[in-house]
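>>> Okay, sequence plus prediction incoming.
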Amino acid sequence: MNVSQSTRDYKDRIRDYVVDSFLSGGPTAALTDDADLMELLDSLQILRMVADVEKRFSIHVGNDDLTAENFGSVERLAAFIVHKQQGSMDSQLEASAQPHAHSAHR
């Protein structure tokens with residue numbers, strides 16, 4: 001799956017999650033990819049969303065990541081997840097490419 005396909009898939013999953021978890025009974029058609037999640041959700045909902053995003057997408061969200069640039073919209077959140085997963089895969093590749101130190105035999 002390429003990055004743009006992942007981003008599209010993630011946008012659909014995030015949108016469905018937000019609607020199902022927080023906006024049920026509300027105007028779901030209003031949740032566009034660029035809708036301001038910071039205005040739609042309260043602080044506890046955002047914290048719950050962060051925890052769920054970590055679990056669902058197997059990423060770690062640090063304190064420095066908790067910004068409107070990363071969590072401000074479905075579009076931004078999908079891009080953030082792809083970026084975090086790419087960074088995680090890059091780190092794993094680098095770690096597996098490192099030569100392993102062998103202990104000397106006595």
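Nice, thanks for sending it over.
>>> Which strand or helix spans the residue nearest in space to the middle of the chain?
Centre of the chain computed as the mean C-alpha position; nearest residue by Cα atoms, centre = their mean is I81, 3.1 Å away. Assigned by DSSP states H and E, I81 falls within helix 74-97.
>>> need the contact list for the residue nearest to the centre of the chain.
Shown in contact with I81 (Cβ atoms under 8 Å, 6 or more residues apart in numbering): 10, 53, 57, 59. The C-beta positions use only the backbone N, C-alpha and C, and glycine is treated the same way.
>>> again, only this time at 6 Å
Applying Cβ atoms under 6 Å, 6 or more residues apart in numbering to I81 gives the contacts 10, 57.
>>> what's in contact with stretch 51-58?
61, 81.
>>> My error: substitute stretch 9-28 in the last question.
Stretch 9-28 is contacted by residues 31, 33, 41, 45, 74, 77-78, 81 when judged by Cβ under 6 Å, 6+ apart.
>>> Going through the residues you listed, which ones are buried?
Listed as buried from the contacts of stretch 9-28 are 31, 33, 41, 74, 77-78, 81; burial here means 16 or more other Cβ atoms under 10 Å.
>>> Apart from its neighbours in sequence, what residue is nearest E75?
Nearest residue to E75 in three dimensions, chain neighbours excluded: D33, at 4.2 Å (Cβ to Cβ, 6 or more residues apart in numbering).
>>> Surely that neighbour touches V74?
Yes: using Cβ atoms under 6 Å, D33 makes contact with V74 at a distance of 4.7 Å.
>>> Pull out the buried positions in stretch 61-71.
In terms of neighbour count (16+ other Cβ under 10 Å), stretch 61-71 has its buried residues at 61, 70-71.
>>> thinking again about what came up before, if I look at the residue nearest to the centre of the chain, how far off is A35?
17 Å (Cβ to Cβ, to the nearest Å).
>>> what does A51 give?
Distance, A51 to A35, using Cβ to Cβ: 21 Å.
>>> Among those two, which residue is more densely surrounded?
Each of A51 and A35 has its neighbours counted (other Cβ atoms under 10 Å); A35 has more, 16 against 11.
>>> Nothing else from me, thank you.
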